[in-house]
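Q: kindly return the folded structure for what I paste below:
(2 chains)
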Amino acid sequence: MKNFEIIKKDKKSQARLGILRTPHGIVNTPSYVFVGTYGRFLHLSPKDLKSTGAQLIIANTFHLWEKALKNKLKEGLIHKSFGLKIPVMTDSGGFQVLSLAFGDKNKVGKFMVGDSKADESYKRSKIKITSKGVHFDFKGKKVFLGPELSMNLQRQIGADIIFAFDHITSPLDDFEYNKKAVELTDAWAKICLKAHVRNQLNKKNKQILFGIVQGGLFPELRKQSAQSIGAMGFDGFGIGGSYTKKQISQILKWIIPYLPEEKPRHLLGVGKVEDILEAIDNGVDTFDCVIPTREARHGRLYTKKGHMDIRKGRYVSDQSVIEKGCKCPTCSQKISRSEIRALIKSEDRDINAAGQRWCLMHNMWFFNDLLENIRAALSRGTYQSFKKKCLKDFESNKA
RNA sequence: GGGAGCGUGACGGAGUAGUCAAACGUACCUGACUGUAAAUCAGGCGGCCGAUGGCCUACGUAGGUGCAAAUCCUACCGCUCCCA
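A: All right, here's what the predicted structure looks like:
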């Protein structure tokens, strides 16, 4: 049976409704993927996680590995770690080369604000990239990560869907550098595929491997990368890179036509409300993002009419629920804004954690519900009007 | 009745003559957060202005010394502790 099946396509866009089959269950797509980097969600029990309705979650190979380095990675640890038998992904660790090795130093992250020009002082001074992988400093130690190692680690970790080890570039990198990065990502992709075939040889439930498209902000490189990675026989595709916000849908338009229609597409690290609507419109099936969880921990709560910062003084004695009519675990239990605020403002770590837990469950449920509504709209053939209304409501900011 | 000490911005709490509109913390206000080194971070927080500078009002109250005081002196008010 195929891993992925398209059930319905939107007539006015690239959006599609599908089913993704994994060893630990099916995922209805489009779907949000929540990030539990270290194999857990801070402050949430497995039962809590389940109550959010999450279909698919993702952990990080580099961080799991780095954390478990003292001992040894245990076989198939990831589902035990999350404490739940649900579909799980692991990212390859390629992004950490950008975010850890030089992201901080050069103030380069996933997103750039405005249109940045190449910075003369920008250099990859603390990182050495070879055909085998990347050497860089982490917490004062020399570390190495590459395609072969990432594949082996991901096999041990045991997620349902794993990613090839790629080379992400920064918005400050020029065409030449991006060209090399695409070539390197291609070369590594081949190594990953080979290792993957070997690793999965006698396994009953084979892991699903996604290759990753790069190419920076250059249409010809994006096309080249999509064609090349797209032809390699991966089970699905990740779309990577770092860019300015406005460039997401542009990049997708460059890539999507060259990726095999029948295979799933995952947009790496994008997940604001307006961005996911746009991504789905352009043919993306899944996407992971820290936004729902990180922002929940920081007190930002989502509603259909925008988001609110529950820590603000105006909620001190607000006895209403986060969003009227919301069926999330938090609102269902009638936990008031006032109570959540009091908890999350507490300096006591346990009390504070209890507040964060309510926020986490609400936000995760919110995004799952949003995706469920998107799927329903796709099913009915009303995605375009749904998208329009959803954005209008959300941007009204009357939370 | 006698002795000792203390009174600082919304609160806690530094400062004890000039670099003080006053450290720091909290509260409060704004804003960030997009393949998580993020239960985090940044800015503001007396008033006014023609504002990377200027003016006014401020450190219990009222006076005083001094070029200059939240910082020294006197009195008063209030609070705390000790002895009777």
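
Q: give me the low-pLDDT residue ranges for the stretch 51-200 of chain A?
A: Low-confidence segments of the stretch 51-200 of chain A (pLDDT under 70): A:69-71, A:101-108, A:112-125.

Q: can you list the residues of it near RNA strand B?
A: Within the stretch 51-200 of chain A, the positions near RNA strand B by C-beta under 7 Å from any atom of the strand are A:58, A:60, A:63, A:91-92, A:94-96, A:98-100, A:104, A:109-111, A:138-139, A:163, A:166, A:168. C-beta coordinates here come from the backbone N, C-alpha and C atoms, glycine included.

Q: can you tell me which of those are buried?
A: Under a neighbour-count criterion of 16 or more other C-beta atoms under 10 Å, the subset of those counted as buried comprises A:58, A:60, A:63, A:91-92, A:94-96, A:98-100, A:110, A:163, A:166, A:168.

Q: return the closest of these with respect to RNA strand B.
A: Proximity to RNA strand B was ranked across those by C-beta to the nearest atom of the strand; first place goes to A:Ile168, at 2.7 Å.

Q: using the three-state scheme, assign the closest one.
A: On the three-state scheme (DSSP: H, G, I helix; E, B strand; the rest coil), A:Ile168 is labelled coil.

Q: pretty sure it contacts A:Gly94?
A: Yes: taking C-beta atoms under 8 Å as the definition, A:Ile168 is a contact partner of A:Gly94 at 5.9 Å.

Q: shared neighbours of these two, which are they?
A: Shared between the contact lists of A:Ile168 and A:Gly94 (criterion: C-beta atoms under 8 Å, 6 or more residues apart in numbering) are residues A:Gly240.

Q: identify the residues contacting A:Thr330.
A: A:321-322, A:340, A:358-359, A:361-362, A:365.

Q: separation between it and RNA strand B?
A: A:Thr330 sits 17 Å away from RNA strand B, going by C-beta to the nearest atom of the strand, to the nearest Å.

Q: does that residue lie in a helix or a strand, and which?
A: Secondary structure from DSSP states H and E places A:Thr330 in helix A:329-332.

Q: can you name the next helix or strand after that helix?
A: Next in sequence after helix A:329-332, counting helices and strands by DSSP H and E, comes helix A:337-344.

Q: tell me what angle the helix or strand just after that following helix forms with helix A:337-344.
A: If you walk from helix A:337-344 toward the C-terminus, the next helix or strand you reach (DSSP H and E) is helix A:349-380. Following axes from the mean of the first three to the mean of the last three C-alpha atoms, to 10 degrees, one obtains 130 degrees for the angle between helix A:349-380 and helix A:337-344.

Q: list the helices and strands the following helix or strand past helix A:349-380 packs on?
A: Past helix A:349-380, heading to the C-terminal end, the next element that is a helix or strand (DSSP H and E) is helix A:383-396. Of the remaining helices and strands, those touching helix A:383-396 by 3 or more C-beta pairs under 8 Å, 6 or more residues apart in numbering; DSSP states H and E are helix A:273-281, strand A:306-309, helix A:349-380.

Q: dump these into JSON lines; add mean pLDDT and distance to RNA strand B as well.
A: As requested, these are arranged in JSON lines below (pLDDT from 0 to 100; distance: least, C-beta to the nearest atom of the strand, whole Å):
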{"stretch": "helix A:273-281", "mean pLDDT": "97", "distance to RNA strand B": "5"}
{"stretch": "strand A:306-309", "mean pLDDT": "96", "distance to RNA strand B": "6"}
{"stretch": "helix A:349-380", "mean pLDDT": "98", "distance to RNA strand B": "5"}
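
Q: many thanks, I have nothing further to ask.
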